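>>> Just the structure for this:
(2 chains)
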Amino acid sequence: MTILFLIIAIVILASAVMVVTTRNLVHAALWLIVSLFGVAVLFAMLNAGFLAVVQVVVYIGAIAILFIFAVMLTRREMRGHGKPLNNNWWISALLSLLTFGGLAMLLSNWDGFSQTPADFPSDFDGVAELGNALIDPNQFVLPFEVASILLVAALVGAVYIASNRK
Amino acid sequence: MIPLSWYLILSAALFSIGLFGVMARRNAIAILLGIELMFNAVNINLVAFWRYLDPTIMNGQVFAIIVFAVAAAEVAVGLALVISVYRNRKTVVVDDLDLLKW
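Got it, this is the predicted structure:
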């Protein structure tokens, strides 16, 4: 289990670094797929099977493909202009390292930092519980509906913005 | 078993890499790729806390699903904006998009 986690973590982080440094944007989108797949494996390791499937279907199946389409529609810009990073990239690297250091320091001061997983009840059906929570009026039915309205509004807006109306 | 700290450190590292991508890339689509990495770091955190604190309370997973929906909406609108900008200005390099700068 530990070795699996370490392999997955290395795959996620290495492909994430490739995403932010590769010159060719199609390759960057493909590295993003590798990274997202690693995250899906982590979800499966955390007993969140439904989220692992949703990660593969929604992120890899929809969002990553959308990225590849967008890269192809704006393709001419990929070759010229050389550098993938701007001139101040070292400031960005410094700020990212500072963020990581700050987060790690904050977390390591927290009491529950190295706690082990809670007991997983043996007859516990996580997917059924999740479905109930999403449609239970006392829990999350309102955020769920608001999220669906947000999605519809955003997609209608996206079609409107991207359509060529002249 | 793996302690919670490993997941938290992994997601902090993934978030920082995504932050670097957002701040350092010149191409607008690459910036959106960095934002996706940050979303995933947040989701790892949410699911790890759900699993390690109390798996019978589903708040963490529900929040992760809302993050999925918001990420999909964000990508759709973001890429539509990028395509629209490309159609009008023939570039997606953010350094060249200085119409509002003076």
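
>>> so where's chain B shaky on pLDDT?
Along chain B, the parts satisfying pLDDT under 70 run over B:102.

>>> quick one: buried residues of stretch B:58-69?
Residues of stretch B:58-69 classed as buried by neighbour count (16 or more other C-beta atoms under 10 Å in any protein chain shown): B:58, B:60-69. Every residue, glycine included, has its C-beta placed from N, CA and C.

>>> before we move on, what about stretch A:33-44?
If you call a residue buried by 16+ other C-beta under 10 Å, then stretch A:33-44 has these buried ones: A:33-43.

>>> Quick check: of these, which lies closest to chain B?
Among the buried residues of stretch A:33-44, A:Val39 lies closest to chain B (C-beta to the nearest C-beta), at 4.9 Å.

>>> from memory that closest one sits against B:Asn43, does it?
Yes: with contacts counted by C-beta atoms under 8 Å, A:Val39 reaches B:Asn43, the gap being 7.0 Å.

>>> Mind listing the shared neighbours of these two?
A:Gln55 (C-beta atoms under 8 Å, 6 or more residues apart in numbering or on different chains).

>>> Output the buried residues of stretch A:33-44 as JSON lines; include the columns secondary structure and pLDDT.
Compiled in JSON lines, the buried residues of stretch A:33-44 are given as follows (DSSP: H, G, I helix; E, B strand; the rest coil; pLDDT from 0 to 100):
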{"residue": "A:Ile33", "secondary structure": "helix", "pLDDT": "93"}
{"residue": "A:Val34", "secondary structure": "helix", "pLDDT": "93"}
{"residue": "A:Ser35", "secondary structure": "helix", "pLDDT": "93"}
{"residue": "A:Leu36", "secondary structure": "helix", "pLDDT": "92"}
{"residue": "A:Phe37", "secondary structure": "helix", "pLDDT": "92"}
{"residue": "A:Gly38", "secondary structure": "helix", "pLDDT": "92"}
{"residue": "A:Val39", "secondary structure": "helix", "pLDDT": "93"}
{"residue": "A:Ala40", "secondary structure": "helix", "pLDDT": "93"}
{"residue": "A:Val41", "secondary structure": "helix", "pLDDT": "92"}
{"residue": "A:Leu42", "secondary structure": "helix", "pLDDT": "91"}
{"residue": "A:Phe43", "secondary structure": "helix", "pLDDT": "91"}
